[in-house]
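Peer 1: okay, sequence plus prediction incoming.
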Amino acid sequence: MLNYLHPLKLSSNRVWRTYKGGKLLEDWQGVKNISTDGDFPEEWVASVTRARNVIKHVQNEGLSYIKSGDSRIFLSDLINSAPDVFLGKEHVEKYGCNLGILVKLIDSAERLTIQVHPDSKIAKELFHSQFGKTEAWYILGGRNIGQELPYIMLGFKPGMNKEKWKQLFYKQDIKVMLSSLHKFYIKPGQVFLLEGGVPHAIGPGCFLVEIQEPTDYTIRVERTTPSGKKIPDMLCHQGIGFNNIFECFNYQSFSRQETLKRWLLKPIVNYQSDFTYEEILIDGKRIPYFGMKSLLIYNSFSIRSKNIFSIIIVISGNGKVIYKNKSMVINKGDKIF
């Protein structure tokens, strides 16, 4: 086990979803063959969460791993072997061997279906889960799909209620459902918070980092994807039945300005020197589920947190991670636990 008590470079961990995408993800990862969009538009990072897919495309789909020779060693197995060492005693006492978060990279070539995730209260009631699925998006960039710039849809416009939403669902009146949500064009560097219960959809052409509570409970209210793929019932209601999915929505509605004020987070410059520029993207003290920072490192930066784990994604550039008189070369696209 002592061999693993150092930064771990995670292998690529692509996951099947109901929507198409992944080309920008492959470009970013430096895939040598021609990058294309397909059915695996997400990269799950430092994941100890299994994907809730009807068909399993690989064994233990969704779980992150490292390579050791010709074999895989799952991050979850390493953590389970020495949880206090990998996660810290205080974390283990509160969450067990679960990281308490899941990080993803997402590249959408088509609009995702309108969806919602349960908050922690509803997740406990309907899914008997310790975690809901509050999440946040850090926009890396995007591309034009068709004639439109990348966008997201977030939150109900004023006037929505449960009965109206039910009627729209059973009619599958997608046009009106879409018009019931706010639409925002995105730009790199923006951070959006999506509390459990808030309806949303990622539009086509979005490339982003998602950080979330560690579940895959996605309630989809469109029975067919925009590209025409029929979605199995299980992937719509996640096993709780269609009558219960409406309990997962928060029907509070806000104006466009109120929506942005509530869920568009403003990064905070935390530290600046000749060597490093650090922004707090998500303040873990204010948001109880997770935190995220952006580091622009010109020379060097030290991580000296004790009894806390870190997940690092190299968005651009290259360098080294130096630890205990050893070093690890890192490049754009690398993920480090």
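Peer 2: Nice, thanks for sending it over.

Peer 1: so what does whichever helix in the chain runs longest touch, helix or strand wise?
Peer 2: The single longest helix within the chain, with elements called by DSSP state H, is helix 162-171. Using 3 or more Cβ pairs under 8 Å, 6 or more residues apart in numbering; DSSP states H and E, the elements in contact with helix 162-171 are helix 174-179. From N, CA and C alone the C-beta is placed, and that goes for glycine too.

Peer 1: quick one: contacts of the helix it packs on?
Peer 2: With contacts defined as Cβ atoms under 8 Å, 6 or more residues apart in numbering, helix 174-179 is touched by Ile114, Met153, Lys157, Leu168, Phe169, Ala201, Val221, Glu222.

Peer 1: pretty sure the first one contacts Ile202?
Peer 2: No: look at Ile114 against Ile202 with Cβ atoms under 8 Å: they stay out of range, at 10.4 Å.

Peer 1: spatially central residue for the chain, please.
Peer 2: Nearest to the mean C-alpha position of the chain, by Cα atoms, centre = their mean, lies Glu210 at 2.8 Å.

Peer 1: am I right that that residue falls within a strand?
Peer 2: Yes: under DSSP: H, G, I helix; E, B strand; the rest coil, Glu210 sits within a strand.

Peer 1: the closest residue to it other than its chain neighbours pairs with what?
Peer 2: Nearest residue to Glu210, sequence neighbours excluded (Cβ to Cβ, 6 or more residues apart in numbering): Lys104, at 4.4 Å. Note on Lys104: beta-bridge partners Trp44, Glu210, judged by DSSP bridges.

Peer 1: from Phe207, how far off is Lys104?
Peer 2: 12 Å (Cβ to Cβ, to the nearest Å).

Peer 1: what of Gln172?
Peer 2: Taking Cβ to Cβ, one finds Gln172 at 29 Å from Phe207.

Peer 1: the more surrounded of these two?
Peer 2: Phe207 (22 against 12; other Cβ atoms under 10 Å).

Peer 1: picking up where we left off before, give the contact list for the residue nearest to the centre of the chain.
Peer 2: Contacts of Glu210 by Cβ under 8 Å, 6+ apart are Val103, Lys104, Leu105, Ile106, Glu135, Ala136, Trp137, Tyr138.

Peer 1: show the pLDDT at the residue nearest to the fifth one when sequence neighbours are not counted.
Peer 2: When you say that, I think you mean Glu135. Excluding its sequence neighbours, the residue lying closest to Glu135 (Cβ to Cβ, 6+ apart) is Gln212, at 3.4 Å. As predicted, Gln212 sits at a pLDDT of 98.

Peer 1: Gln212 reaches Trp137, doesn't it?
Peer 2: No: counting by Cβ under 8 Å, Gln212 does not reach Trp137; the two are 9.4 Å apart.

Peer 1: tell me how many other residues crowd Gly203.
Peer 2: Neighbourhood size, Gly203 [other Cβ under 10 Å]: 22.

Peer 1: wait, it sits on Tyr151?
Peer 2: Yes: contact criterion Cβ under 8 Å: Gly203 and Tyr151 qualify, at 4.0 Å.

Peer 1: show me where the stretch 151-300 of the chain has its helices.
Peer 2: For the stretch 151-300 of the chain, the helices defined by DSSP state H, counting those that start in this stretch cover 162-171, 174-179, 233-237, 256-263.

Peer 1: to Gly88, which of the ones you listed lies closest?
Peer 2: Closest to Gly88 of the helices of the stretch 151-300 of the chain is helix 256-263 (Cβ to Cβ; 30.1 Å).

Peer 1: tell me the contacts of the residue nearest to Glu135?
Peer 2: Taking Cβ under 8 Å, 6+ apart as the test, what Gln212 contacts is Ile101, Leu102, Val103, Lys104, His117, Lys133, Thr134, Glu135, Ala136, Tyr289, Phe290.

Peer 1: nearest to Arg143 among the residues you listed?
Peer 2: Nearest to Arg143 among the contacts of Gln212, with distances taken as Cβ to Cβ, is Lys104, at 18.3 Å.

Peer 1: the closest one touches Thr49, doesn't it?
Peer 2: No: taking contacts as Cβ under 8 Å, Lys104 lies outside contact range of Thr49: 10.0 Å.
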